[in-house]
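Q: Sequence and predicted structure, then a few things I'm wondering about:
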Amino acid sequence: MKYDYVIFNTDTTQTRYINDQNPDLVIQIFDNETNPFAGLDLTTDTVSLNMKKLKTTTAKINDIAFTATTPASGIFTFEFLPTHVDETGTFNCQVKITDSGGKVQTIEKTFQIVISER
(Lines give C-alpha, C1' and ligand atoms only; values in the text may rest on other atoms or scores of the structure.)
Protein backbone atom coordinates (compact mmCIF):
# COMPACT_ATOMS: atom_id res chain seq x y z
CA MET A 1 0.00 0.00 0.00
CA LYS A 2 1.05 3.56 -0.62
CA TYR A 3 0.15 5.84 2.28
CA ASP A 4 -0.44 9.56 2.23
CA TYR A 5 -1.89 12.09 4.64
CA VAL A 6 -3.78 15.33 4.87
CA ILE A 7 -2.85 18.10 7.30
CA PHE A 8 -6.02 19.67 8.64
CA ASN A 9 -6.49 23.46 8.59
CA THR A 10 -3.27 24.25 6.71
CA ASP A 11 -1.38 23.78 3.47
CA THR A 12 1.78 21.70 3.08
CA THR A 13 3.68 24.53 4.76
CA GLN A 14 2.62 25.37 8.29
CA THR A 15 3.58 28.78 9.64
CA ARG A 16 3.82 29.56 13.34
CA TYR A 17 5.54 32.02 15.64
CA ILE A 18 8.46 31.18 17.91
CA ASN A 19 7.33 29.67 21.24
CA ASP A 20 3.72 29.15 20.02
CA GLN A 21 2.66 25.61 20.87
CA ASN A 22 -0.85 26.03 19.43
CA PRO A 23 -2.44 25.01 17.18
CA ASP A 24 -1.78 21.30 17.40
CA LEU A 25 -0.82 19.50 14.20
CA VAL A 26 -3.72 17.24 13.13
CA ILE A 27 -3.32 14.78 10.27
CA GLN A 28 -5.35 12.02 8.67
CA ILE A 29 -3.47 9.13 7.09
CA PHE A 30 -5.12 7.27 4.23
CA ASP A 31 -4.43 4.68 1.59
CA ASN A 32 -4.17 6.61 -1.68
CA GLU A 33 -4.48 3.47 -3.77
CA THR A 34 -8.18 3.11 -2.91
CA ASN A 35 -10.89 5.04 -4.71
CA PRO A 36 -12.25 7.04 -3.04
CA PHE A 37 -9.40 7.59 -0.61
CA ALA A 38 -10.23 6.00 2.72
CA GLY A 39 -8.92 6.80 6.19
CA LEU A 40 -6.59 4.04 7.30
CA ASP A 41 -7.36 1.99 10.40
CA LEU A 42 -4.20 2.43 12.48
CA THR A 43 -5.69 1.35 15.80
CA THR A 44 -2.74 -0.90 16.67
CA ASP A 45 -0.04 1.30 15.12
CA THR A 46 2.11 4.20 16.29
CA VAL A 47 2.46 7.34 14.18
CA SER A 48 5.47 9.58 14.84
CA LEU A 49 6.92 12.87 13.63
CA ASN A 50 10.44 13.80 12.60
CA MET A 51 11.33 17.49 12.20
CA LYS A 52 14.74 18.77 11.14
CA LYS A 53 15.85 22.32 10.40
CA LEU A 54 17.02 22.90 6.84
CA LYS A 55 20.77 22.53 6.32
CA THR A 56 21.30 20.75 9.64
CA THR A 57 21.80 17.12 10.52
CA THR A 58 20.32 17.14 14.03
CA ALA A 59 16.60 16.47 14.41
CA LYS A 60 14.54 18.97 16.41
CA ILE A 61 11.84 16.29 16.80
CA ASN A 62 13.05 12.71 16.47
CA ASP A 63 10.35 10.03 16.22
CA ILE A 64 8.02 11.57 18.80
CA ALA A 65 4.59 9.95 18.75
CA PHE A 66 1.36 11.63 17.74
CA THR A 67 -1.67 11.12 19.97
CA ALA A 68 -4.24 8.77 18.42
CA THR A 69 -7.31 11.00 18.08
CA THR A 70 -9.48 8.70 15.96
CA PRO A 71 -7.10 5.89 15.00
CA ALA A 72 -9.78 3.77 13.27
CA SER A 73 -10.02 6.61 10.69
CA GLY A 74 -6.29 7.41 10.67
CA ILE A 75 -6.62 10.73 12.55
CA PHE A 76 -3.72 11.72 14.81
CA THR A 77 -2.77 14.88 16.73
CA PHE A 78 0.72 16.17 17.56
CA GLU A 79 1.09 18.54 20.52
CA PHE A 80 4.18 20.74 20.33
CA LEU A 81 6.33 21.10 23.44
CA PRO A 82 8.17 24.37 24.20
CA THR A 83 11.48 22.86 23.03
CA HIS A 84 9.96 22.02 19.63
CA VAL A 85 9.19 25.66 18.76
CA ASP A 86 11.96 27.60 20.53
CA GLU A 87 13.99 28.61 17.46
CA THR A 88 13.21 30.28 14.17
CA GLY A 89 13.77 28.66 10.80
CA THR A 90 12.33 26.34 8.20
CA PHE A 91 11.95 22.73 9.22
CA ASN A 92 11.34 19.67 7.03
CA CYS A 93 8.89 17.21 8.56
CA GLN A 94 8.16 13.58 7.88
CA VAL A 95 5.60 11.14 9.28
CA LYS A 96 6.38 7.52 10.12
CA ILE A 97 4.07 4.59 10.90
CA THR A 98 5.24 1.69 13.07
CA ASP A 99 2.92 -1.31 13.09
CA SER A 100 2.27 -3.52 16.10
CA GLY A 101 5.00 -5.92 14.93
CA GLY A 102 7.61 -3.14 14.88
CA LYS A 103 7.76 -2.76 11.09
CA VAL A 104 8.25 0.84 9.95
CA GLN A 105 6.89 2.69 6.94
CA THR A 106 8.01 6.27 6.35
CA ILE A 107 5.48 8.21 4.31
CA GLU A 108 7.13 9.67 1.21
CA LYS A 109 5.27 12.99 1.38
CA THR A 110 6.95 15.67 3.48
CA PHE A 111 5.86 19.11 4.67
CA GLN A 112 7.50 22.18 6.18
CA ILE A 113 6.98 24.18 9.34
CA VAL A 114 8.26 27.76 9.25
CA ILE A 115 8.83 29.32 12.67
CA SER A 116 9.38 33.06 12.70
CA GLU A 117 9.68 35.98 15.10
CA ARG A 118 6.53 37.99 15.82
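A: Ah, there it is.
Q: and Asp86, helix, strand or coil?
A: coil (DSSP: H, G, I helix; E, B strand; the rest coil).
Q: Name every strand pairing with the helix or strand where Val26 lies and say which way it goes.
A: Assigned by DSSP states H and E, Val26 belongs to strand 25-31. Take DSSP bridges as the rule and strand 25-31 pairs in its sheet with strand 3-7 (antiparallel), strand 38-39 (antiparallel), strand 75-78 (antiparallel).
Q: Could you identify which of those strands is most buried?
A: Stretch with highest mean neighbour count among those: strand 75-78 (a mean of 22; mean count of other Cβ atoms under 10 Å). Yep, even glycine has a C-beta here, placed from its N, CA and C like the rest.
Q: Identify the residues contacting it?
A: For strand 75-78, contacts defined as Cβ atoms under 8 Å, 6 or more residues apart in numbering pick out 24-29, 39, 42, 47, 49, 64, 66-69.
Q: Outside of stretch 18-30 itself, list whatever touches it.
A: 3-9, 14, 37-40, 42, 47, 49, 66, 69, 73-82, 84-88, 95, 97, 107, 115-118.
Q: can you give me the end-to-end distance of that stretch?
A: 31 Å (Cα to Cα, to the nearest Å).
Q: now Thr83, what's its secondary structure?
A: Applying three-state DSSP: Thr83 is helix.
Q: Could you check how far it is from Gln21?
A: According to Cβ to Cβ, to the nearest Å, Thr83 stands 10 Å off from Gln21.
Q: Share the number of residues neighbouring the residue nearest to Asp99 when sequence neighbours are not counted, please.
A: Distances taken as Cβ to Cβ, 6 or more residues apart in numbering place Asp45 nearest to Asp99, at 5.1 Å, with adjacent residues excluded. Other residues within reach of Asp45, judged by other Cβ atoms under 10 Å, total 19.
Q: quick revisit: which one's more surrounded, Thr83 and Gln21?
A: Set side by side, Thr83 and Gln21 show more neighbours around Gln21, with 12 against 9, by other Cβ under 10 Å.
Q: and that one, that one's in a helix?
A: No. Counting by three-state DSSP, Gln21 falls outside a helix, being coil.
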